[in-house]
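A.B. asks: Pasting the sequence and the predicted model now:
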Amino acid sequence: MKDLDLTTLRLFVAVCDSRSIVRVAERENIVPSAISKRLAQLEVDVGCQLLQRIRRGVEPTAAGETLREHARGLLGSAQRITDDMRAYTAGAAGLVRLVATTSSVAESLPEDIAEFLKSPVHHAIRVNVQEQLSRDVVRAVREGSVSLGVCWDAADLSGLQTYPYRQDHLAIVTPAGHALAGRRDMAFAESLEFDQVTLPAASAVCLMLVRAAANTGQSLHYRAEVSTFEAALRVVRSGLGISVVPREVALPLAAAFDLHVIPLTDAWARRRFVICFQDEGALSPAAKLLAAHLTQASSRATRFI
């Protein structure tokens, strides 16, 4: 198969999204026949039909849908390359790519990075942050697609180097008037008779809760699954269940949402996070500076716990 042209892929995605060659031609200031010629050649290059005629335009075939999804990824990567190179030509001294877990992004990481970037000595550094599950954080660091990762220290970090980062404390969050509301603290096992609101099954928190329930001979009964801790708090507020959320995330919203936050007494409820990377010696100067800043920020926070 011939090498695929990014401009043709971009036009192909635009046509799939708009279902119209004419509309894309008007937006791109190109004659429709030029786009049609590119798309016809693209079908020849990949060896199958990608578009089919409908009453008021075109739509992708099953093969076309597959190519559209691949093309989005390629175009996104190409745009990141362009942005990164533009940063250097504009005088930026360094770009740091970092992936982090939902917990760390929901807690202190954004503020710690913002503090780093506000320093005049770091004005020429850019930081790109992506949110991933713990396993995907570790995978991205191992594969070298990012410089730094931030995740729970219980993840499989073999072969990676780490710096300590912050800690958090998981807690049960209940709506006002719930049977558990008002407790000063509690063991997780005491919550298992109630419906739970959880993060996705593959998330570190959900996996840990399932294991903890199994260790007591019980199972986790969840009423709803959401993608973020804030969404979990909103569902709890509606009265559909309780949830296990980091206390550091829940407390700032507890008063506004009329929620009760009950720290868990289980040993595993106190979690430590780390900054992970392949090799300290191979880190760029900008990545080393950011990693050192995050470690120092966590050290300062620990002194006040």
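C.D. replies: Good, I have the coordinates. Residues are numbered from 1 along each chain as shown.

A.B. asks: Output the below-cut-off pLDDT ranges for the stretch 51-200 of the chain.
C.D. replies: 83-93 (pLDDT under 70).

A.B. asks: list the contacts for Val127?
C.D. replies: Applying CB atoms under 8 Å, 6 or more residues apart in numbering, we find Val127 in contact with Leu95, Val96, Leu98, Ile113, Phe116, Leu117, Leu290. C-beta: built from backbone N, CA, C; applies to glycine.

A.B. asks: What residues are bridge-paired with the residue most central in space within the chain?
C.D. replies: Centroid-nearest residue in the chain, with CA atoms, centre = their mean: Glu131, separated by 2.0 Å. Applying DSSP bridges to Glu131 gives these bridge partners: Ala100.

A.B. asks: Grab the nearest non-local neighbour of Thr8.
C.D. replies: In this structure, Thr8 finds its nearest non-sequential neighbour in Arg38, 4.6 Å apart by CB to CB, 6 or more residues apart in numbering.

A.B. asks: Tell me which residues touch Val58, please.
C.D. replies: Applying CB under 8 Å, 6+ apart, we find Val58 in contact with Val15, Arg19, Ser20, Ile21, Leu51, Gln52.

A.B. asks: so Leu4, which of the three states?
C.D. replies: Under the three-state scheme (DSSP: H, G, I helix; E, B strand; the rest coil), the conformation of Leu4 reads as coil.

A.B. asks: Ile262 contacts Thr174, doesn't it?
C.D. replies: Yes: counting by CB atoms under 8 Å, Ile262 does reach Thr174; the two are 7.0 Å apart.

A.B. asks: Give me the common contacts of those two.
C.D. replies: Common contacts of Ile262 and Thr174, defined by CB under 8 Å, 6+ apart, comprise Leu180.

A.B. asks: Tell me where the longest helix sits in this protein.
C.D. replies: What stands out as the longest helix in the chain, according to DSSP state H, is helix 62-89.

A.B. asks: can you pull the buried residues of it?
C.D. replies: By neighbour count with 16 or more other CB atoms under 10 Å, helix 62-89 contains the buried residues Gly64, Leu67, Arg68, Ala71, Ala87.

A.B. asks: What sits closest to the first one if chain neighbours are left out?
C.D. replies: Nearest residue to Gly64 in three dimensions, chain neighbours excluded: Leu50, at 3.9 Å (CB to CB, 6+ apart).

A.B. asks: So this protein: which segments form each domain?
C.D. replies: 6-88, 94-305 (automatic domain parsing).

A.B. asks: picking that back up, quick one: distance of the longest helix of the chain to the chain centre.
C.D. replies: Helix 62-89 sits 18 Å away from the centroid of its parent chain (CA atoms, centre = their mean, to the nearest Å).

A.B. asks: so what does that helix touch, helix or strand wise?
C.D. replies: Counting contacts by 3 or more CB pairs under 8 Å, 6 or more residues apart in numbering; DSSP states H and E, helix 62-89 packs against helix 6-18, strand 94-100.

A.B. asks: Make JSON lines out of those and add distance to His221 and mean neighbour count.
C.D. replies: Listed next are the helices and strands packed on helix 62-89 as JSON lines, based on distance: least, CB to CB, whole Å; neighbours: other CB atoms under 10 Å:
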{"stretch": "helix 6-18", "distance to His221": "41", "mean neighbour count": "18"}
{"stretch": "strand 94-100", "distance to His221": "30", "mean neighbour count": "23"}
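
A.B. asks: which one of those lies closest to Leu251?
C.D. replies: In terms of CB to CB, the element of the helices and strands packed on helix 62-89 nearest to Leu251 is strand 94-100, at 20.5 Å.
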